[in-house]
Each structure stands twice: as structure tokens, then as C-alpha cells.
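Enquirer: okay, sequence plus prediction incoming.
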Number of protein chains: 2
Amino acid sequence: MDAAEFRKRGKEMVDYIADYLEKIDKRQVFPDVEPGYLRPLIPDCAPQDPENFEDVFKDIEKIIMPGVTHWHSPYFFAYFPAASSFPALLADMLCGGIGCVGFSWAASPACTELETVVLDWLGKMINLPEEFLAGKDGRGGGVIQGSASEATLMSLLAARTKTIRRVQSEKPELTEAEIMGRLVAYASDQAHSSVERAALIGGVKIKNVPSDEKFTVCGSTLKKVLEEDKAAGLIPFFFCATLGTTPCCSFDKLLELGPICNKENIWMHIDAAYAGSAFICPEFRHLLNGVEFADSFNFNPHKWLLVNFDCSAMWVKKRSDLTGAFKLEPLYLQHHHQESGLVTDYRHWQIPLGRRFRSLKLWFVLRMYGVTGLQEHIRKHVELSHQFEHLVLQDERFEICAEVILGLVCFRLKGHIHQYALADGAVGVDWTVQLKLIMILCSYILLRMNMIIKL
Amino acid sequence: MDAAEFRKRGKEMVDYIADYLEKIDKRQVFPDVEPGYLRPLIPDCAPQDPENFEDVFKDIEKIIMPGVTHWHSPYFFAYFPAASSFPALLADMLCGGIGCVGFSWAASPACTELETVVLDWLGKMINLPEEFLAGKDGRGGGVIQGSASEATLMSLLAARTKTIRRVQSEKPELTEAEIMGRLVAYASDQAHSSVERAALIGGVKIKNVPSDEKFTVCGSTLKKVLEEDKAAGLIPFFFCATLGTTPCCSFDKLLELGPICNKENIWMHIDAAYAGSAFICPEFRHLLNGVEFADSFNFNPHKWLLVNFDCSAMWVKKRSDLTGAFKLEPLYLQHHHQESGLVTDYRHWQIPLGRRFRSLKLWFVLRMYGVTGLQEHIRKHVELSHQFEHLVLQDERFEICAEVILGLVCFRLKGHIHQYALADGAVGVDWTVQLKLIMILCSYILLRMNMIIKL
């Protein structure tokens, strides 16, 4: 395919995407296929000779679409939303066209610098403390990760290294393996599974901190757990606070937890994957109070801020904590401008080496919606969720089972039910008073509020 | 921006990308900017009100392009190549348009199933042993990772878990922390820095295995290192063999190393990030002989197989080794069809939770080039590199300093040179007889063979 054919086919693809998104409500949300549906539809091997574009293109509707779960359908109610917008799609096209691999400043200065500056923009939009911004010569700064899982992992690993070094200097008789064996991380029992996974990857213990009746972790509970563990000879080193938990969108009490973590030399990471986008509205910003105590903070514009996956925004107060954890400088990756206030080599901030020009889509979206446009988007979702909450409350068969704060509404049938099956028959559970379990089940029914509500 | 405007702007963007790639040779490859160039060019904050597309679009040439390193310029000679092709760009547009997040089978069956089947295609193209393929009910299979770094990390973590479990069953008196403290991973002293980084992340020791005069690791050297370490009470558990090292494209001797790893219960991972694409040509396939002894294998179609970043193909013989390492099943991610021969939940195979529909671009590329088209592409590169090697050999000022096997040519000025500066003035080094160091320096000058050679 030459450039001339790309011009033609690219324009056809633009129309196909526009058609798909304009008429997505006509498609069945969850596909009617059984596992293994695709294999019989396509050959066993790659073709020896080139096929033409028409044949490939035809197969999108014939082979792919019958097996697609349409995340952007107005009838899609599973999981937290995946963001998508036309400006982000345009920027992603450009990102592909440029096709640079921006692992260091020199590998493509624009790729690095736009990311740093646009994450400063976004940080200011949610009123992050100055320390988290890169500015001209700040010690902190932002980075785009692929997912919140990676942000949690990077912060846990940085905390691990930092703590090992500190303990080694205090107690030189301990080996690194002995210290590793005593390290313990913490997160709410409502935290996302990726936090436990980060600890498994990092080879350290992790403990659930019990949440209260509002599914929130408060200071006294954390304090109690810490005292017990320290008495048992363990070394607490990392706490992942959650703002907007996956099961029910509850919020840990940062203002109580932060000072404890600071005092105890515990790295506090904040995972606000879903909820973080809401903090661009002044009326929700209070939910982030206490971020000033955190070492790192993360949320996903690819969930609720109209930037297509993947774009997970992470900030740290001290970039040297991240880069110090794993900075390897093989000769073939060195360049004239090593990392300084002005130059960032983002490869030290993340798990992979390579990275795409993802800041383009954030830049396009912030500019083409403006702060006010994005605030409207968030407010509309929250308003619709309260509208839905109101409707549920009016129906005596249902009840609301967690406070509705943002766009997630958890509701359930009233009374004792011995069997409960989700729409797709996935889970059968014996209910009685296991409120927390019920909460988690309810979270399946996430309300996607950017759509018309059909009851 | 509504769908109608997206149709218009999308087509403009297609033309912009086609123009960019058609005239890329007119642009200066490495930008003439100093660190911090971008910040003064754009506002300090995101705009309050929406801007229009024209203004954003204008800024691409004004702000972005002056800071872009043009990886696809015919005059770009840094690093291994980043692949790019029009079919892959088209598929990536579609991937963005569908915008699903395929972490489990149910999250979008097509996204999972196309990946499994197309990685079987690709596996067959390089004649991988049957055990690595998913087939209808195989125990192995392929997955698209974001980067070779992640593939190495996943395999190291799987090996770590497997070994800890085995040692615990053999020596129940050892704690997990004690075992972790004794684990040791290995890779060539020519291996990529991401291998060392994987070990740092996993919290285990790693040792360099010395390469020979051809920069290759052979069985006897590994054996010697293993014997010493075992005698010292360490537990060897992971060896990363490299096919096509970053410094000079050398190849470790799989046929010697594989049986040793198998006998010693050491997981053998093969990192063929760059070289792997060449194995689609029968005349280069012998370089992969011995893969039958490996537990996992990885190469990057996004380097040399015309698939845009990111697309790193990884295969394992036993998928349960990967999924068993970290499988967490929170209620909100469960679905009716749990993982079996037919259903794959790729979230267990990777570090992040979310994942894009990346198999589309691999599928488009394999179909629109065909096996023969891709073989031609590889052969042309290798042929051109030999042509360049020939030219170097004819010039008495230069010499070739590592065997030219694929598309990388390492050459240097003859004689003793006390100061050597790279084109961009990045590194000044005192040379004498440090052959290996010289080799690494030379790898800066990677020959991008898909272009016209200008000497």
C-alpha cells in the first residue's frame, strides 16, 4: 500500500469509524458468540501472498464486529467507562503517523516535553500541590502510564527501594533479603486487585486494611494495623489509598491517613483511577484534600476525561524516587543531555522501555473541550447518577446500598434473596447479610451516565 | 466535535500523515532544539474555553514538529528501527474507533480471540514448536505485550513463583523470603538492560554470563557459573538468552544452553526483540534452533515486521505458568466463561489490566503483505547491510568489528584513537583495546536498511 492508497483507505476508515459510533446503539452490546467462535472463520495460517484491502475491510463486519463488546454503546453498563472522543482519535492517528518511540528526551524531545507540560496543565486543573508539578526546575512532575496498575507498581517499587536503603543504613546487620521479607504494604479491603498484584510482583507482603461501614479506611484503623505489625517485627513501607473504589466508589480518609504515613516513613500512593477526573470541578475537589501528604497520585483520563485508552496520569513529588529505583544507563541509551530539571528520560519512570506519543491526545482533548467543557461532561454524569438514584429510591423494590458521590450508583433488590444471578448469568451467590459482597456484585451494574437512561 | 466534523478533520489528518511520510526526507532528522524548548511556546494552563480544531492543527507544525526526532526518515540511523506501515496505521485507527478494553474474554471476545489466532499464525510463520501454539486446546499460546521489557519481566516473575513453590515443597524449612534471597537470574553480558531491570523489579539477584569473542554465550560458560553459584548456596532459576543482542546482534547458543537449563530446572526465556522478525525467512530460521528447550520466547514485530509500536509478541509453552503466578479473581472481574482451553483472560498474562485491540494491526499487516511480502522486506534489509559491509571493507580507514548476520553493521575507524565523539557529541571515550566498549559504541550507528544508502 502506497501513500496514495493510504489516503483513500484512510478516509474510508474515518467514515467507517464515524458510522460505527453514530449507529452504535443499533448493535447488540454483548456479542452472541461462544468461546472459540473466531477460529473457524479465518484461515489456519497467514496468507502466502498479499490480500487486497477490500477483502480485509469486509472481514471487519463479518469476523470482528460479531465478537466485539461495544463499550461505547449507550446500553453498555459493565465496568467503569472507557473514555473516547473524536479529538483523542485524531491525536492518536497523528501519534501513529509520527511513530516515534520516546523513551528518552533525545529520542524525540517533543514527545517528552509535551507530556511534562500537559501533565502540569492537568495537575493545575485538579489543583495538585505545586510539589507535584515539573515546572521549569521542579523536583516532581507527571508522566503518562499505560494503566493505573503500572502507576501503583512503579510507586510500590520506588517505595521498596527507598525503604530498603533507609533500613540498611539504620541496621547494617540486615541483608536485603531479610529486609524484603519484613516489608509490608497496605491497602483498603475495597482497593482494586491491581494493588495486591503490585505487591506480588514486587515480592512483598500486602495486608488489607478493614474499611468501615461507609467502605472507607480511616486513620485509627490503619494505625492499629501498623502498631501490630511493627510489634511483630515487620516494616510497613507503602500504603495505597483509594479515592473512588471499584466496588462502590468510596473514598479513603486522606486527611487522617496522610499524616500517619508521613510520620511512619510510609510511602502514600493515591489511586483515583476513576474518580480523579471529577476533581477538575471545584465542588468535587474536596475529595482530594490530603493529597499534600502523598508521595504519588494517579488517575485515568482514559476512564472519564474523554481521552482514549491508554492514558493514565501519574504524578510524583520527587522524581528521583522513581528514577533512583531502577535507573540503568547502558551505553546504547545514553545521550548528551542526561536527566536534569529540564530534561526527562521517561523510560526511568515506567516498566516498559518504549513509549508512544500519548500526550498528543491529552493535549487535543484539553484544548478542544477546554476546562469548562470537561467540567460540564463530569457534571452531567454526576447529575444523571443522582437522577437515577432518585428513580431507584422511588421504586420500593430496590434500595441504594452505598452513598452516590460521583457517577456510580450501587443498588439492589430489597430483602433476603437466596439466589441472585447477574444479567449474563455469571455469578450465583447465596445472599443474606453479606453487605460487602452485595456491594461488589452491585458494582457490576455501573451506570454509564453519558447516555440516555432507559429504565 | 461531532461525527460530521470528525469525518472532515479525520480526512485532513489522513492527508497530513500521508504528506508527512511522503516528504519526511526533507525534514531535519534530529531536531535543533534545546531542552525546555516547548514550554515557552504554549500557555501555562489548559484553556478555559474550547479552542477550534484549526488552531490545534496549526500548532502541530509550529510546536510539535520542530521537536520531533523523525524515526522514519531515511537519514535516521539511531537505535533499532521502529516499524511503521500504512496497513498498521489503518488498523490502529480502527482499534481506537472500537475503543474496547479487552482485559478478559468477555470484555470483548473478538479482541482476545483474534490475538490468540493471529499469534498462532505468526508462530507458524517462524516455525515455533507446536507446544507454543494455542490451537484449539493447547496449553501454550501467544500474547501481545507492549514491549520486550514486559515479556522478560512476565517470564521472570512466572519463573520466580514456580521456583519458590518447587523449593518450598522440597525444603519446607525455608521461608519465602529466604528462597527469594537465594534466587539468581542470568543473562549474557551483552543482554539488554531490560533484563537486569526485570530482576531488580522482581527483587532477585542477576548475574552477567561472560560472552565469548563472538559476543555469544555458550553452554560451558553458563555451566561453570551455575556450578559456582549452586556451591555457594544460591538457587539459579532463570536464564534469558538473547538472539540478536542490542550492542552487536550476536546470538547465544541455544542448542547448548537449552539442555542445561532444562536439566537444572531453570526457566529459559529467549529475547529476540529485533532479530525475531528474520526467522520468517527459512534461511535465517536456523538461528532459532534450540527454541524447543525454552519456556518462553519473545520478539517485536514493532521493530522489524512493519507493525507500528506497540506490538511485542510473546509465546509460552505452559500458559498456566503465567496465569498461575498472579491470577487474582476479584468478583468485579469474573465472568461466566473462566479461562480454559478456549477462553483466555489476557489480563493474567501481562502487567497492566487494560489492553487495546492490538492484534488488528498485526492481522492487517500479515494479510496485506502476505508471508512473501514480509520475507522480501527482511531480505532486502539483510542484503543492503551486506552491501554496506562490503563498502566498509573496501575503505581502508574502517573495519567491521562484529559478524554481520542481519541488518546491523558494526564498524569503526581503524587504529588507536584517544578521543571518539559520536555525531551528536554525546560520548567521549578513551579508546585503546576495549573491544567490547567499542562494539557498543558502534551499535549507535545502526544501519536502517529500508532506505537508500548515502555514504
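Expert: Ah, there it is. Computed from a prediction, not measured in an experiment: that's the story for all the values here. Numbering: from 1, shown residues only, chains lettered A, B, ... in the order given.
Enquirer: all helices for the stretch 251-400 of chain A, in order.
Expert: A:254-263, A:282-285, A:301-304, A:319-326, A:359-394 (DSSP state H, counting those that start in this stretch).
Enquirer: give me the number of residues near A:Leu331?
Expert: 17 (other C-beta atoms under 10 Å in any protein chain shown). For glycine as for every other residue, the C-beta is placed from the backbone atoms N, C-alpha and C.
Enquirer: oops, could you answer that again for A:Lys58 instead?
Expert: Other residues close to A:Lys58 by other C-beta under 10 Å number 10.
Enquirer: confirm it sits in a helix?
Expert: Yes. Checked against DSSP: H, G, I helix; E, B strand; the rest coil, A:Lys58 lies within a helix.
Enquirer: that one and chain B, how far apart?
Expert: Separation of A:Lys58 from chain B (C-beta to the nearest C-beta, to the nearest Å) stands at 12 Å.
Enquirer: ditto for A:Asp55
Expert: For A:Asp55, the distance to chain B - C-beta to the nearest C-beta - is 8 Å.
Enquirer: quick check: closest non-adjacent residue to that residue.
Expert: In this structure, A:Asp55 finds its nearest non-sequential neighbour in B:Arg367, 7.7 Å apart by C-beta to C-beta, 6 or more residues apart in numbering or on different chains.
Enquirer: that neighbour contacts A:Asn52, correct?
Expert: No. Taking contacts as C-beta atoms under 8 Å, B:Arg367 lies outside contact range of A:Asn52: 9.2 Å.
Enquirer: more crowded one of those two?
Expert: Using other C-beta under 10 Å as the criterion, B:Arg367 and A:Asn52 rank with B:Arg367 on top: 25 against 11.
Enquirer: which ones are touching that one?
Expert: If you count contacts by C-beta atoms under 8 Å, 6 or more residues apart in numbering or on different chains, B:Arg367 has them with A:46-47, A:50-51, A:55-56, B:87.
Enquirer: now do the SS call for A:Tyr144.
Expert: For the record, residue A:144 is Ile, not Tyr. A:Ile144 ends up strand, using three-state DSSP.
Enquirer: how about it, nearest residue that isn't a chain neighbour?
Expert: A:Arg358 (4.8 Å).
Enquirer: neighbours around that neighbour, how many?
Expert: For A:Arg358, using other C-beta under 10 Å, the count is 26.
Enquirer: confirm for me that it is in contact with A:Leu94.
Expert: No. The pair A:Arg358 / A:Leu94 is not scored as a contact, 11.3 Å apart, by C-beta under 8 Å.
Enquirer: next, the spatially closest residue to A:Ser104 that is not a sequence neighbour: phi, psi?
Expert: Using C-beta to C-beta, 6+ apart and skipping the chain neighbours, the partner closest in space to A:Ser104 is A:Asp345 (4.3 Å). As for A:Asp345, its main-chain torsions (degrees, to the nearest 10) stand at phi -110, psi 100.
Enquirer: where's A:Asp345 relative to chain B, distance?
Expert: With C-beta to the nearest C-beta as the criterion, A:Asp345 and chain B are 11 Å apart.
Enquirer: how close does that residue sit to B:Thr69?
Expert: Separation of A:Asp345 from B:Thr69 (C-beta to C-beta, to the nearest Å) stands at 14 Å.
Enquirer: now swap in A:Lys62 and tell me
Expert: For A:Lys62 relative to B:Thr69 (C-beta to C-beta), the value is 40 Å.
Enquirer: more crowded one of those two?
Expert: Neighbours around A:Lys62 and B:Thr69, counted as other C-beta under 10 Å, are more numerous at B:Thr69. The numbers are 24 against 11.
Enquirer: what about the residue nearest to that one when sequence neighbours are not counted, how many neighbours?
Expert: Closest residue to B:Thr69 apart from its sequence neighbours, by C-beta to C-beta, 6+ apart: A:Ser108 at 4.3 Å. A:Ser108: 26 surrounding residues under other C-beta under 10 Å.
Enquirer: show me the contacts for A:Ser108.
Expert: With C-beta under 8 Å, 6+ apart, A:Ser108 has these contacts: A:98, A:100-102, A:357, B:67-69, B:71.
Enquirer: using JSON lines, lay out these together with distance to A:Gly415.
Expert: Compiled in JSON lines, those are given as follows (distance: C-beta to C-beta, whole Å):
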{"residue": "A:Ile98", "distance to A:Gly415": "58"}
{"residue": "A:Cys100", "distance to A:Gly415": "59"}
{"residue": "A:Val101", "distance to A:Gly415": "57"}
{"residue": "A:Gly102", "distance to A:Gly415": "56"}
{"residue": "A:Phe357", "distance to A:Gly415": "54"}
{"residue": "B:Gly67", "distance to A:Gly415": "63"}
{"residue": "B:Val68", "distance to A:Gly415": "62"}
{"residue": "B:Thr69", "distance to A:Gly415": "64"}
{"residue": "B:Trp71", "distance to A:Gly415": "62"}
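Enquirer: weed out the non-buried ones from those residues.
Expert: A:98, A:100-102, A:357, B:67-69, B:71 (16 or more other C-beta atoms under 10 Å in any protein chain shown).
Enquirer: turn the residues you listed into CSV, including pLDDT and secondary structure.
Expert: CSV is the format used below for the buried ones among the contacts of A:Ser108 (pLDDT from 0 to 100; DSSP: H, G, I helix; E, B strand; the rest coil):
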residue, pLDDT, secondary structure
A:Ile98, 96, helix
A:Cys100, 93, coil
A:Val101, 92, coil
A:Gly102, 90, coil
A:Phe357, 96, coil
B:Gly67, 97, helix
B:Val68, 97, coil
B:Thr69, 96, coil
B:Trp71, 96, coil
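Enquirer: just for the stretch 301-450 of chain A, where's the confidence low?
Expert: Flagging of the stretch 301-450 of chain A using pLDDT under 70 yields the residue ranges A:327-330, A:332-342, A:416-450.
Enquirer: mind redoing it with 50?
Expert: For the stretch 301-450 of chain A, the stretches with pLDDT under 50 are A:418-450.
Enquirer: any residue of the host helix or strand of A:Arg9 touching chain B?
Expert: Assigned by DSSP states H and E, A:Arg9 falls within helix A:3-22. Yes. Shown here: helix A:3-22 in contact with chain B (C-beta under 8 Å from any C-beta of the partner chain) through A:3-7, A:9-11, A:13-18, A:20-22.
Enquirer: what helices or strands is that helix leaning on?
Expert: helix A:53-59, helix B:3-22, helix B:86-98 (3 or more C-beta pairs under 8 Å, 6 or more residues apart in numbering or on different chains; DSSP states H and E).
Enquirer: which residue lies closest in space to the most far-flung residue of chain A relative to its centre, excluding its sequence neighbours?
Expert: Residue distances from the centre of chain A (C-alpha atoms, centre = their mean) peak at A:Asp49, which lies 41.3 Å from the mean C-alpha position. Spatial nearest neighbour of A:Asp49, excluding adjacent residues (C-beta to C-beta, 6+ apart): B:Gly370 at 4.4 Å.
Enquirer: got a list of what that neighbour touches?
Expert: Taking C-beta under 8 Å, 6+ apart as the test, what B:Gly370 contacts is A:46-51.
Enquirer: touching, A:Ser296 and A:Val316? I think so.
Expert: Yes. With contact defined as C-beta under 8 Å, A:Ser296 reaches A:Val316; the gap is 4.7 Å.
Enquirer: need the overlap of contacts for these two.
Expert: A:155, A:158.
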